[in-house]
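> pasting a predicted model and its sequence here:
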Amino acid sequence: MGDQLGTPPMSSKIYDYAKICDTIKSLDPKIRFAGVINDRGRLVAGGMKENVEPLENEKDDEMIFMELALRVKMRKEFDKQLGLVNFALASRERALAMSFLLNEDILYVVAEPDADYGLLPKAILNIVAKS
């Protein structure tokens, strides 16, 4: 476990972010986006699936990523009481958004709103576990 200052544990796993994102994008045709966001809300790997029209513009992406990073930090406040977050899911009218922690970074996956929100997060957790 890390110290109280937020330093990651010594056993932090090294992930191949690009490979994880590519694997997730090919997992299901309803997946639109798979990317890794750092703790400052910057996209560091992955992105939109080819031939998919974005729902928002690039400036909106930056705001979404920063808000996501802040939300993940806030959720960590309850890790001691509730345990670590496995994933978070938001079902919106136009998209299904999921976030998963990869050390101090965030795997962010967006799918069509009718994607299977029961199976998809489990399949993504399985991909991350095998990476």
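Everything's here; your move.

> not counting its own residues, what contacts the helix ranked longest in the chain?
Within the chain, and with DSSP state H defining each element, the longest helix by residue count is helix 58-75. Helix 58-75 is contacted by residues 37-43, 54, 56, 85, 88, 99, 101, 106, 108 when judged by C-beta atoms under 8 Å, 6 or more residues apart in numbering. For the C-beta atoms, the positions are set from N, CA and C on the backbone; glycine is no exception.

> same check, this time on stretch 101-108
By C-beta under 8 Å, 6+ apart, the list of residues contacting stretch 101-108 from outside reads 6, 8, 12-13, 15, 17, 20-21, 24, 33-39, 44, 65, 68-69, 72, 84-85, 97-100, 124, 128.

> among these, which ones are in helices?
Using DSSP H, the members of those that fall in helices are 17, 20, 21, 24, 65, 68, 69, 72, 124, 128.

> quick one: contacts for the last one?
Residues counted as contacts of residue 128 (C-beta under 8 Å, 6+ apart) are 15, 20, 100, 102, 107.

> angle of the host helix or strand of the last one against helix 58-75?
Counting by DSSP states H and E, the secondary-structure element that holds residue 107 is strand 105-111. Counting by axes from the mean of the first three to the mean of the last three C-alpha atoms, to 10 degrees, strand 105-111 lies at 120 degrees to helix 58-75.

> end-to-end on stretch 18-36?
Separation of the first and last residues of stretch 18-36 by C-alpha to C-alpha, to the nearest Å is 8 Å.

> about what we covered before: neighbouring strands of the strand holding residue 107 in the sheet, and parallel or not?
Paired with strand 105-111 in the same sheet, following DSSP bridges, are strand 31-37 (antiparallel), strand 96-102 (antiparallel).
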